[in-house]
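A.B. asks: Attaching a predicted model along with its sequence, questions to come.
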Amino acid sequence: MKILCVEDDQGLAELIQQALIKQHYQVEMAADGLMGWNLAETETYDLILLDWMLPKLTGIEFCQQLRTEKHSVLNPNRETPVLLMTAMDTVTHKVMGLNAGADDYVAKPLDLDELLARVRALMRRSQTTRSPLLYWGEVCLNPNRCEVMYQAQPIALGPKEYELLELFLRNPDQIFSLNRLLTALWKVDDMPSEGAVRAHIKGLRQKLKQAGAEDPIETLYKLGYRLKPWQDRSEHSQDRVGSSSVGVATSPSSASVLSELWETWQAVRPSYCDRLSTVEQAVAALQAQTLTPAQRHAAEREVHTLVGSLGCFGLVEASTLARQIQYRFKA
């Protein structure tokens, strides 16, 4: 399933992207509102994650354009659920965001577990018109939970292996050439070689075989690949898999998560120091009563980012202090 994440804070964007990819979502990132809007006009997404305070086009303006008829008639995402993210957590701001067209709202600093839960909930809500479970024989793919099961036992697939299987299951009668698979599952600036696609297909086949399942992918000479026909596929309805068949994937160890968090923080720390320097200069100017409107605007943007991001890296006290500074600028 494909998600567009529009977030101008690079550090936070990387955290969100990593968390979503681990859940087997295909993620495209945009660093400002206009870039996100251009993607939303040309690509189809299952969910849009949207920051409130964005350069060039704010999250509120983005939502309003997406939901306003004159802008959205030809937009492929006019009905796509939008999850708004912001450090402005007052009831007034929440109401403003929902009235603009957002479907849900999550406050910063983000709790990634809560964010993922809200993503899954919006995905479920948007797919109520179709069966969420995809079958090929005893192989079951649950898009809402990003899980693959065989005879009620989970199969651990890599992100691209999962996306390949989902693509074949959603398009059982279509033939996919290597070039078409590349276009469907990779961004233009991140496309691997055709050999890499073959390697992912081989890996998918091997993991299904290890689980005891038959190979669902048929190779067509000089044409590509397709899902093998399954005579009894129509008999497999959502009722076939009861609640006991929906397993929960094993979470990464705490040590692994902390290690990845630390590595990301070390990479983005200089950018946050630059943001903090801008805020410190504005605070000094505020105390000296020499703060200009331009300085105030820049500082408000930077401190808003710090409020939303520092807490995600475990710097809770720093995030709290940033929020106090934010209130001071608004006073």
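C.D. replies: Yes, it's here.

A.B. asks: What is the burial count for the closest residue to residue 58 other than its chain neighbours?
C.D. replies: Leaving aside its sequence neighbours, residue 58 sits nearest to residue 33 (CB to CB, 6 or more residues apart in numbering; 6.0 Å). (Glycine included, C-beta is placed from N, CA and C.) Residues lying near residue 33 (other CB atoms under 10 Å) number 23.

A.B. asks: before we move on, what about the one 5 residues further on?
C.D. replies: Residue 38 has 13 neighbours, counted by other CB under 10 Å.

A.B. asks: Quick check: pLDDT value at it.
C.D. replies: Note on residue 38: pLDDT of 92.

A.B. asks: Kindly report the same for residue 278.
C.D. replies: pLDDT, residue 278: 89.

A.B. asks: thinking it is in contact with residue 300, fair?
C.D. replies: No. Applying CB atoms under 8 Å as the test, residue 278 and residue 300 come out as separate, 10.3 Å apart.

A.B. asks: In the protein, what residue spans correspond to strands?
C.D. replies: 2-6, 26-30, 47-51, 82-86, 104-107, 134-136, 139-142, 147-150, 153-154, 217-220, 224-227 (DSSP state E).

A.B. asks: Kindly provide the whole-number mean pLDDT of the shortest one.
C.D. replies: Per-residue confidence for strand 153-154 averages out to 92 on the pLDDT scale.

A.B. asks: What residues does residue 325 make contact with?
C.D. replies: By CB atoms under 8 Å, 6 or more residues apart in numbering, residue 325 lies in contact with 279, 283, 303.

A.B. asks: likewise residue 8?
C.D. replies: Contacts of residue 8 (CB under 8 Å, 6+ apart): 31, 32, 51, 53, 54, 55, 305.

A.B. asks: Relative to residue 259, how far out is it?
C.D. replies: Distance of residue 8 to residue 259, computed by CB to CB, to the nearest Å: 26 Å.

A.B. asks: which residues of the stretch 51-200 of the chain score low on pLDDT?
C.D. replies: 69-74, 89, 127-132 (pLDDT under 70).

A.B. asks: thought residue 59 was touching residue 53?
C.D. replies: Yes. Counting by CB under 8 Å, residue 59 touches residue 53, with 7.2 Å between them.
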